[in-house]
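Q: Need a 3D model of the sequence below.
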Amino acid sequence: MELAPGSHIDRFVVEARVRSSLLATVYQLVHRGSGAAYALKILHIDRPSVRDRILHEGRGQARLHHPNVVAIAEVLDVDGSPGLLMDFVSGPPLSRVIGTGQLDLAIVKQIVPGILAGVAAAHQAGIIHRDLKPANILLDVCGDRIVPKITDFGLARLIGDHRPGLAGSGAVLTTPSYMSPEQVRDARIADERSDIFALGAILYELVTGHRAFDNDNVFGILSDISGGNWVPVRDLSPEVPDGMVEAIGAALEVEPEDRVADCEELFSIWAGRGAEDLQTVASWPVVVSSERMERLLAILPERLASVSRSAAVEIEVPLPRFPAVVMTVLMGLVLIAIGVMIGARVGQSPRFAVADRTASVRVVGDAARVRLVGWRGEEPELSDVPPGIYRVEADHGTGEWIDAGRLLQLDEGDEVVVFCRAGSRICRW
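A: Model prediction:
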């Protein structure tokens, strides 16, 4: 679905398309009466389970009223597809600022309370974000002030809510570098402490300019997360204060029971035991110089300088043109595949190595051979695959195994058809 500039949706006019991804498209809207700017996030696939998911997202965010959370105004029907109408946010996402030199420790110290306060408000409302990352933290610009805002609760799960078809079913759509070890082991057991782990990874990146968990491939990232392997903060930034170092370490504990319990306790360690309470400090304005503000705003591309980033997603890919049914299957598998990992810590047996039911894969197309490769190098029979995440490789008649470039997650009882074409060297499922 493509909305042209000037199109009318309910009481709003489409100004521009902000960004498209495999999951959603984001538009800038203007209210016809008041002239107020909004962002509208529309999912690409219209089917009942997806509709339930986005309605669930809207209801969850509607419960949040906090200065450090991007507010959901309402859920709109756009030609049968639900879309989330969000507040306009004028500044860049944190992901575009980290590493640019615009965030020194003094600024980091000021914006972190707002980030923690926004997540704390969500937890108090019974909502787990489950996909916290710098791209989902926006820096709203209000004159000479910056207000950090948490956005994109599209992957959030209400605590204790296990309705079929929603994130609570175990389908995790999380960015690997910020996943918690328990999400790697089993998505269904993630709770507030998973968000705490992600915050620890974000704080690490803020003070060092580097990701805590970074690798050339997803398997390497998830192995490092499961094993608690990250470079000590002071090896990268010797000047970071003791409290910040201690807070990051407390948030990045591998076992949830060893981890700092909540945002308030995390802030207490970060700021020092004698600091004011989190919500009080978060209310203090973050004031920056006009020169620094100009540099921050210059980070955005010129064509987006006045457009909200409030539902932007981190990964941008062209939308493939497939029939609706095929696209539905592909979307579900792609979104699930990036989030779950076999095993617990390095050296331990995979958590779900023994399952009541295995999965099966049927190969169609003209590739000579197709195989699945697990993160530890195992190659299961296609008719009897233990649940887990696998790399898909195909021999297109050359005798060489070619990586399909995506990961396939299989759950108990799954029956998946993998289509490989030798001519294009592409596999889809």
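Q: Could you confirm residue 363 falls within a strand?
A: Yes - secondary structure of residue 363 (DSSP: H, G, I helix; E, B strand; the rest coil): part of a strand.
Q: burial measure for the residue lying closest to it once chain neighbours are set aside, as a count.
A: Distances taken as Cβ to Cβ, 6 or more residues apart in numbering place residue 370 nearest to residue 363, at 4.6 Å, with adjacent residues excluded. Using the backbone N, CA and C atoms, a C-beta is placed for each residue, glycine as well. Residue neighbour count, defined by other Cβ atoms under 10 Å, stands at 22 for residue 370.
Q: Residue 415 too?
A: 9.
Q: and the longest helix belonging to the chain, how far from the chain's centre?
A: Across the chain, the longest stretch assigned as helix under DSSP state H is helix 105-124. Relative to its chain's centre, helix 105-124 lies at 18 Å (Cα atoms, centre = their mean, to the nearest Å).
Q: Return the per-residue confidence for residue 263.
A: Predicted confidence (pLDDT) for residue 263: 97.
Q: Setting aside sequence neighbours, what's the nearest residue to it?
A: The spatially closest residue to residue 263, leaving aside those adjacent along the chain, is residue 120, at 3.8 Å (Cβ to Cβ, 6+ apart).
Q: now swap in residue 417 and tell me
A: residue 362 (5.1 Å).
Q: quick one on the thing from earlier: so which elements touch the longest helix of the chain?
A: strand 145-150, helix 192-208, helix 263-271, helix 278-282, strand 286-287 (3 or more Cβ pairs under 8 Å, 6 or more residues apart in numbering; DSSP states H and E).
Q: Next secondary structure after that helix?
A: From helix 105-124 onward toward the C-terminus, using DSSP states H and E, the following helix or strand is strand 127-128.
Q: now that next one, how far from the centre of its chain.
A: 14 Å.
Q: And for stretch 288-296?
A: Relative to the chain's own centre, stretch 288-296 is displaced by 28 Å; criterion: Cα atoms, centre = their mean.
Q: cool, stretch 392-411 as well?
A: The answer for stretch 392-411 is 26 Å, by Cα atoms, centre = their mean.
Q: can you tell me the average pLDDT over it?
A: 77.
Q: cool, and stretch 231-248?
A: 96.
Q: if we look at it, which residues are touching it?
A: 105, 200, 203-204, 207-210, 212, 249, 260, 266-267, 269-272 (Cβ atoms under 8 Å, 6 or more residues apart in numbering).
Q: Kindly provide the distance from the closest residue to residue 204 other than its chain neighbours to residue 205.
A: Distance criterion Cβ to Cβ, 6+ apart; nearest residue to residue 204, sequence neighbours excluded, is residue 212 at 4.1 Å. Distance, residue 212 to residue 205, by Cβ to Cβ, to the nearest Å: 7 Å.
Q: what does residue 395 give?
A: From residue 395 over to residue 205 (counting by Cβ to Cβ), the distance is 39 Å.
Q: same question, residue 372
A: Distance of residue 372 to residue 205, computed by Cβ to Cβ: 33 Å.
Q: And for residue 19?
A: Taken as Cβ to Cβ, the span from residue 19 to residue 205 is 22 Å.
Q: of the two, who's got more company?
A: Ranked by neighbour count (other Cβ under 10 Å), residue 19 and residue 205 place residue 205 first, with 23 against 17.
Q: contacting residues around that one?
A: Per Cβ under 8 Å, 6+ apart, neighbours of residue 205: 98, 134, 211-212.
Q: And these, which of them are buried?
A: Buried members of these, counted by 16 or more other Cβ atoms under 10 Å: 98, 134, 211-212.
Q: Just the ones of those in helices?
A: Among these, no member falls in helices (DSSP H).
Q: just the helices in the stretch 201-350 of the chain please.
A: With DSSP state H, counting those that start in this stretch, the ranges of helices along the stretch 201-350 of the chain come out as 218-227, 233-236, 242-251, 263-271, 278-282, 290-298, 324-337.
Q: Let me have those helices in a markdown table, extended by mean neighbour count and distance to residue 180.
A: Formatted as a markdown table, the helices of the stretch 201-350 of the chain follow (neighbours: other Cβ atoms under 10 Å; distance: least, Cβ to Cβ, whole Å):
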| stretch | mean neighbour count | distance to residue 180 |
| --- | --- | --- |
| helix 218-227 | 21 | 7 |
| helix 233-236 | 14 | 19 |
| helix 242-251 | 20 | 10 |
| helix 263-271 | 22 | 14 |
| helix 278-282 | 20 | 21 |
| helix 290-298 | 14 | 30 |
| helix 324-337 | 16 | 17 |
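Q: Tell me which of the ones you listed sits nearest to residue 74.
A: Residue 74 lies closest to helix 324-337 among these, at 24.8 Å (Cβ to Cβ).
Q: what's the model's confidence in that closest one, averaged?
A: 39.
Q: one step back: touching, the residue nearest to residue 204 and residue 198? I think so.
A: No - between residue 212 and residue 198 there is no contact under Cβ atoms under 8 Å: 10.2 Å.
Q: Not including adjacent chain positions, what is the nearest residue to residue 183?
A: residue 190 (4.9 Å).
Q: My error: substitute residue 28 in the last question.
A: residue 15 (4.3 Å).
Q: pLDDT score assigned to the one you found?
A: pLDDT, residue 15: 92.
Q: in the chain, which helix or strand is least confident?
A: Ranked by mean pLDDT, DSSP states H and E, the helix or strand of the chain with the weakest confidence is helix 324-337, at a mean of 39.
Q: related to what we said a few turns ago, okay, and the residue nearest to residue 28 sits in which element?
A: Per DSSP H and E, residue 15 falls inside strand 12-20.
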